[in-house]
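Colleague: just coords:
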Ligand code: ADP
Ligand code: ADP
């Protein structure tokens, strides 16, 4: 089943005639199947983050269309629950416990009136996620009591609170030291296997991409175009 589809996507920044325009991406045709782990690599500024933000519905394409699980990403309400996002820097709020940080997306939607009711269900889910990402016993801790790696585990749990089928990750371990990064990459592979998510993972590190993925998509320097797609057939840990 096709989970992420880019159909002839182009993204130009600064379409206002007064600004200088930048074509970040062009001619992007990409299909990602259910349960696939796909990495996107390419030089700095080639449009990797743009590609991810388009799938997240944070940006709109200048041309072409993007679908997640068969639905156009323009319908953002649907989108919020269909994809989980993880960025490079942890987003945990200092004054909230780990459990409350994981539930934050739910609370925001609840306060907007976009969902109603049963927070208990999500509280239970948060506890399951705490175990899933290896933070058992830390549900009542505060972010500043955790290491950078543990904070990124919180961010991953937060991204999974709605049980989305797709995880979009933008250099999620880029600010961690090498050992912690290796540890979290192994954790991510375990989480991916246990949850059968579809993962789109951005990195500038080709070795990391090969280590993690089923397939590596290589973008050219700006404007980013897909110049290669490499199937990885290595046995992973
Ligand atoms: P990468 O993630 O590969 O480093 P980005 O997707 O962040 O690349 O950026 C692609 C190109 O688009 C870069 O040249 C960047 O400067 C430009 N760009 C990104 N965001 C904006 C923006 N909001 N306005 C104008 N140009 C932008
Ligand atoms: P680099 O010098 O680019 O870090 P490495 O081959 O040491 O090259 O590793 C690249 C990335 O691949 C690492 O940063 C890590 O994220 C991942 N990786 C490689 N080997 C392992 C491993 N044994 N366990 C976990 N992650 C690994």
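Modeller: Nice, thanks for sending it over. As the structure is a prediction and not an experimental result, all values here were calculated from the model. Ligands and ions are numbered 1, 2, ... in the order given.
Colleague: for the protein, what spans make up the helices?
Modeller: 48-56, 76-82, 98-102, 104-111, 119-132, 148-159, 178-195, 206-212 (DSSP state H).
Colleague: Any part of the last one near ligand 1?
Modeller: No. When contact is scored as C-beta under 6 Å from any ligand atom, no part of helix 206-212 falls within range of ligand 1; the minimum is 13.3 Å. C-beta coordinates here come from the backbone N, C-alpha and C atoms, glycine included.
Colleague: Flag every buried residue along stretch 14-27.
Modeller: For stretch 14-27, burial by neighbour count (16 or more other C-beta atoms under 10 Å) applies to 24-26.
Colleague: ok, now stretch 43-57?
Modeller: Buried, per 16+ other C-beta under 10 Å, within stretch 43-57: 46-57.
Colleague: Ok, stretch 225-233 next?
Modeller: Those would be 225-226, 232, for stretch 225-233 by 16+ other C-beta under 10 Å.
Colleague: Tell me the one of those residues nearest residue 18?
Modeller: residue 225 (27.3 Å; C-beta to C-beta).
Colleague: wait, what's in contact with the nearest residue to that closest one once chain neighbours are set aside?
Modeller: Using C-beta to C-beta, 6 or more residues apart in numbering and skipping residues adjacent in sequence, the residue nearest residue 225 is residue 27, 5.3 Å away. By C-beta atoms under 8 Å, 6 or more residues apart in numbering, residue 27 lies in contact with 8-10, 225-226.
Colleague: biggest separation within those residues, which pair?
Modeller: Longest span within the contacts of residue 27, C-beta to C-beta: 10 and 226, 12.7 Å.
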